[in-house]
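>>> sequence and predicted structure are below.
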Number of protein chains: 2
Amino acid sequence: MGNPTLHDVARVAGVSYSTADRVLNGRGGVASKSIERVRQAIEDLGYRRDMMAANLSRRRSYRFAVCVPQGDHGFFSSIRRAFLAEAEARAGQRVTIEICDGSAAPLPQDCDCAVIVGAGTDRLTPAIAGLAAGNVPVVTLVSDIPGSRRAYIGIDNVVAGRTAGRLHRIAHRGRPVRVLPVLGSASLRDHRDRLAGVAESLGQASLLPPIEVADNADQMRDLLGRALREDPRITGIYSIGAGNRGLIPLMRSLGSSRPFVVLHELTPHSRAALQDDLIDVVIDQKPAEEVASALDAMKAIADGETPAGVTITPAIFFKENLPEDPA
Amino acid sequence: MGNPTLHDVARVAGVSYSTADRVLNGRGGVASKSIERVRQAIEDLGYRRDMMAANLSRRRSYRFAVCVPQGDHGFFSSIRRAFLAEAEARAGQRVTIEICDGSAAPLPQDCDCAVIVGAGTDRLTPAIAGLAAGNVPVVTLVSDIPGSRRAYIGIDNVVAGRTAGRLHRIAHRGRPVRVLPVLGSASLRDHRDRLAGVAESLGQASLLPPIEVADNADQMRDLLGRALREDPRITGIYSIGAGNRGLIPLMRSLGSSRPFVVLHELTPHSRAALQDDLIDVVIDQKPAEEVASALDAMKAIADGETPAGVTITPAIFFKENLPEDPA
DNA sequence: CAGAAAATGACAGACGTCAATCATTTTCTT
DNA sequence: AAGAAAATGATTGACGTCTGTCATTTTCTG
């Protein structure tokens, strides 16, 4: 009835518990024929090591470091909140996390796994090198660093861009498409990916040259405002980065003749704008889900397993399908 | 460093381990002042019972029953597959599931929790009554039974309908909207909810009277084909249930003048149709996620906790953001 | 105040695994 | 064949909790 234990495996394999243990945990000093017999018994019985008992015995607790930039981007703070919530939820599962903004304290070198959120955004790169030197496995979240990370959890930004393109095409049925992309910064890989995606979907002819607003609301208001005045034929806006707080009053002033607007990340501002019909679509990374997946992956890595490759499909929000306000 | 144990709690509270245990597990026979002191110590230390050790000791293993109709709906089989995959993934966590199609064997009465998938679809209702009689807590998945279930995991179908409505409105910008809703069955609560949602979003004027195809591909082909011939001014289709295999050839025959099509559930057929530009949008329940959430909820229930209310936000798929083919 | 009832403490054996030690057996060298 | 090296077995005490028993202390009751 109950699942087989390692004792059962040993018995079936005709070896002692010690030997079975040596095989299971790769402690060495076992004849290859014994290894084979144990392997076979594990296979036959469908034995799965009881992780709970194992962790208990090892008095293992998972110590994870979370490295998220301290920016008040709204987005990063929701990531931070999600980590705290998940930590609370997993407290009974021996998971503790330490959050450090990239700035002050250095990353703990003695943790089981670290997650870097929004890499490339700033000068987190030395921290990563430090972790790598200390042999701490690293998971990247939101933004990837294709180098020495074990797993990347986040959306595919090219796909996100293509999706934005499709939405614009649907909204333009029959009319000429003239979409202005608004970048945070062309040096950010994520933003470049989104831009490439939307360009691929719409075709260069329908896409105006992008403007750059440094993820900043004031610059957004100024530069986007000017662009809209200079080219009244703009029929769509794809805001690729942050700073959308500056976009919203512009749309309000344009009234019902405003262009079709697609932007990223569900924040209190973008939610309100959706509700007020000032923008049309929000493409969201679902930070809470990303965080949960990241912790799962980190746990798997700490357990020596291969983390399951999780592809987060970004959520598409309209006014109608907004999730309940967490407030 | 390590988390506090119940021994620590007892020491701080100035009582024996036994007493602390009696309080923690509500075994009774404890003076109220002792209860208070233990409570306080738990609070002060931030004690959290180590579920792994607890489960190990209790030799608890979670036995869950999964009740999913045997239909080859494509959708239900993906649910079934998702359960098998999750069971495999959680084997190390003492979770075993038994899948039973509603038909043959009766539901096991001695499991910790049961999940009913797609209730209302067929004659699963007696099974639920049986479970309730046996005091087995029930979780509903996909379709709700507001009665005696502990949790419902699934999408909000009214919201899904509204979302479909919004998509049609976006696609019709400036043109008159004339959408034909295609029901599986008006007696299904889920379908009624979706219909209500789309009606609310588009307004009755833009919505034709629904046709009913009994989730059947042949009926879909016949009835929808006739409807399209009789009213060539139809500009949109919202397929609320199953049987979309019958819709696809109709769209192919209409060529580029076909209406804008929104339908539910990502299956091999709908995926292919998206890719071939024969339909425009798929609203998907994300069965894998629902299943994972359901198992989490069941585990929480089995542990005597209150399951976290999970709202699944349906995914919206276009040709551009299809997830990788699992094949 | 004696006796009953209630509350508490002390202890032990599980659960399945880990990790370490030590004794014993088998296999390999030369 | 003797000695060294390798492989194996046997055993033990954790890890934190559960569950049960039994003895002891405290509190209540009449």
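Noted; the coordinates are in hand.
>>> strands of chain A, residue ranges please.
A:62-67, A:95-100, A:113-117, A:138-141, A:151-153, A:179-183, A:211-212, A:236-239, A:260-264, A:281-284, A:315-317 (DSSP state E).
>>> indicate which one of the ones you listed is closest to B:D231.
Across those, B:D231 has its closest neighbour in strand A:260-264 (28.8 Å, Cβ to Cβ). Every residue, glycine included, has its C-beta placed from N, CA and C.
>>> picking up where we left off before, can I get the strands of chain A in TSV including distance to DNA strand D?
Output for the strands of chain A, formatted as TSV (distance: least, Cβ to the nearest atom of the strand, whole Å):
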stretch	distance to DNA strand D
strand A:62-67	14
strand A:95-100	13
strand A:113-117	21
strand A:138-141	27
strand A:151-153	29
strand A:179-183	51
strand A:211-212	53
strand A:236-239	49
strand A:260-264	43
strand A:281-284	38
strand A:315-317	38
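>>> backbone phi and psi for the closest residue to A:P314 other than its chain neighbours, please?
Of all residues not flanking A:P314 in the chain, A:I155 sits nearest, at 4.6 Å (Cβ to Cβ, 6 or more residues apart in numbering or on different chains). For A:I155, the backbone dihedrals (degrees, to the nearest 10) come out as phi -90, psi 160.
>>> quick check: residues of the stretch 101-250 of chain A near chain B?
A:159-160, A:162-163, A:165-167, A:170-175, A:197, A:201 (Cβ under 8 Å from any Cβ of the partner chain).
>>> contacts for stretch A:31-42?
Stretch A:31-42 is contacted from outside by A:9-10, A:12-15, A:19-20, A:23-24, A:47, using Cβ atoms under 8 Å, 6 or more residues apart in numbering or on different chains.
>>> from the chain's centre, how far out does that stretch sit?
Here stretch A:31-42 is found 41 Å from its chain centre; the criterion is Cα atoms, centre = their mean, to the nearest Å.
>>> and that stretch, does that touch DNA strand D?
Yes - figure legend: stretch A:31-42 in contact with DNA strand D (Cβ under 7 Å from any atom of the strand); contacting residues A:31, A:33-34.
>>> from those residues, pick the one nearest chain B.
Relative to chain B, the closest of the residues of stretch A:31-42 next to DNA strand D is A:S34; by Cβ to the nearest Cβ it sits at 24.1 Å.
>>> does any part of stretch A:76-95 sit near DNA strand C?
No - figure legend: stretch A:76-95 not in contact with DNA strand C (Cβ under 7 Å from any atom of the strand); closest approach 13.1 Å.
>>> what about stretch A:264-279 and chain B, touching?
No - judged by Cβ under 8 Å from any Cβ, stretch A:264-279 stays clear of chain B, getting no closer than 10.3 Å.
>>> lowest-pLDDT helix or strand in chain A?
The weakest-scoring helix or strand in chain A, judged by mean pLDDT, DSSP states H and E, is helix A:125-133 (a mean of 63).
>>> write out the residues of the stretch 51-200 of chain A neighbouring DNA strand D.
Near DNA strand D, when you scan the stretch 51-200 of chain A using Cβ under 7 Å from any atom of the strand, you find A:53, A:56-57, A:59.
>>> isn't A:L24 right up against A:R49?
Yes - between A:L24 and A:R49 there is a contact at 6.8 Å, judged by Cβ atoms under 8 Å.
>>> who touches both of those two?
A:L6.
>>> the residue nearest to A:P314 contacts A:A315, doesn't it?
No - the pair A:I155 / A:A315 is not scored as a contact, 9.6 Å apart, by Cβ under 8 Å.
>>> which of those two has more neighbours?
Using other Cβ atoms under 10 Å in any protein chain shown as the criterion, A:I155 and A:A315 rank with A:I155 on top: 24 against 19.
>>> contacting residues for the more buried one?
A:I155 touches A:285, A:311-314, counting by Cβ under 8 Å, 6+ apart.
>>> ok, back up a step: what subset of the residues of the stretch 101-250 of chain A next to chain B is buried?
A:159-160, A:162-163, A:165-167, A:170-172, A:197, A:201 (16 or more other Cβ atoms under 10 Å in any protein chain shown).
>>> do you know how far the closest residue to chain B within the stretch 151-300 of chain A is from A:G241?
Closest residue of the stretch 151-300 of chain A to chain B, Cβ to the nearest Cβ: A:R162 (3.8 Å). Remark: distance between A:R162 and A:G241 (Cβ to Cβ, to the nearest Å) = 17 Å.
>>> which of the contacts of A:I155 are buried? Put it as a ChimeraX command.
The following ChimeraX line selects those of the contacts of A:I155 that are buried, judged by 16+ other Cβ under 10 Å:
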select /A:285,312,313,314
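>>> redo the contacts of A:I155 as JSON lines? Include pLDDT.
Shown next, in JSON lines, are the contacts of A:I155 (pLDDT from 0 to 100):
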{"residue": "A:Q285", "pLDDT": "91"}
{"residue": "A:T311", "pLDDT": "75"}
{"residue": "A:I312", "pLDDT": "83"}
{"residue": "A:T313", "pLDDT": "85"}
{"residue": "A:P314", "pLDDT": "90"}
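>>> state the pair within the contacts of A:I155 that is farthest apart.
A:Q285 and A:T311 (12.0 Å).
>>> the residue of the stretch 51-200 of chain A found nearest DNA strand D: neighbour count?
Per Cβ to the nearest atom of the strand, A:S57 is where the stretch 51-200 of chain A lies closest to DNA strand D, at 3.5 Å. Neighbour count for A:S57, taken as other Cβ under 10 Å: 11.
>>> okay, it: pLDDT?
For A:S57, the model assigns a pLDDT of 90.
>>> and if you look at the one 3 residues further on?
pLDDT, A:R60: 78.
>>> from A:L250, how far out is A:D222?
For A:D222 relative to A:L250 (Cβ to Cβ), the value is 10 Å.
>>> and A:D21, by the same measure?
Counting by Cβ to Cβ, the gap from A:D21 to A:L250 is 67 Å.
>>> what does A:A164 give?
19 Å.
>>> more crowded one of those two?
Shown here are A:A164 and A:L250; by other Cβ under 10 Å, A:A164 has more neighbours (31 against 18).
>>> wouldn't that one be in contact with A:L195 here?
No - counting by Cβ under 8 Å, A:A164 stays clear of A:L195, with 9.9 Å between them.
>>> just the residues of the stretch 51-200 of chain A next to DNA strand D that are near chain B?
A:53, A:56, A:59.
>>> those into TSV, with extra columns for neighbour count and distance to DNA strand C?
Shown next, in TSV, are those (neighbours: other Cβ atoms under 10 Å in any protein chain shown; distance: Cβ to the nearest atom of the strand, whole Å):
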residue	neighbour count	distance to DNA strand C
A:A53	17	4
A:L56	18	4
A:R59	8	9
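>>> ok, now which ones touch A:A20?
Applying Cβ under 8 Å, 6+ apart, the residues contacting A:A20 are A:6, A:9-10, A:13, A:38, A:41.
>>> check the residues you listed against DNA strand C, which are close?
Contacts with DNA strand C within the contacts of A:A20, counted by Cβ under 7 Å from any atom of the strand: A:L6.
>>> now check stretch A:301-311, is it near DNA strand C?
No - figure legend: stretch A:301-311 not in contact with DNA strand C (Cβ under 7 Å from any atom of the strand); closest approach 9.9 Å.
>>> starting at the chain centroid, how far to stretch A:187-203?
With Cα atoms, centre = their mean, you get 18 Å for stretch A:187-203.
>>> could I get that stretch in PDB with only the CA atoms?
The C-alpha coordinates for stretch A:187-203 follow below in PDB (Å, rounded to 0.1, in the frame of the first residue of the first chain):
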ATOM      1  CA  SER A 187      19.900  49.400 -24.700                       C
ATOM      2  CA  LEU A 188      17.600  47.000 -22.800                       C
ATOM      3  CA  ARG A 189      17.400  43.600 -24.400                       C
ATOM      4  CA  ASP A 190      13.800  43.100 -23.300                       C
ATOM      5  CA  HIS A 191      12.700  46.300 -25.000                       C
ATOM      6  CA  ARG A 192      14.600  45.500 -28.200                       C
ATOM      7  CA  ASP A 193      13.000  42.100 -28.200                       C
ATOM      8  CA  ARG A 194       9.500  43.600 -27.900                       C
ATOM      9  CA  LEU A 195      10.300  46.100 -30.600                       C
ATOM     10  CA  ALA A 196      11.600  43.300 -32.900                       C
ATOM     11  CA  GLY A 197       8.400  41.300 -32.200                       C
ATOM     12  CA  VAL A 198       6.000  44.100 -33.100                       C
ATOM     13  CA  ALA A 199       8.000  45.000 -36.100                       C
ATOM     14  CA  GLU A 200       7.900  41.500 -37.300                       C
ATOM     15  CA  SER A 201       4.200  41.300 -36.800                       C
ATOM     16  CA  LEU A 202       3.200  44.700 -38.300                       C
ATOM     17  CA  GLY A 203       5.900  45.100 -40.900                       C
END
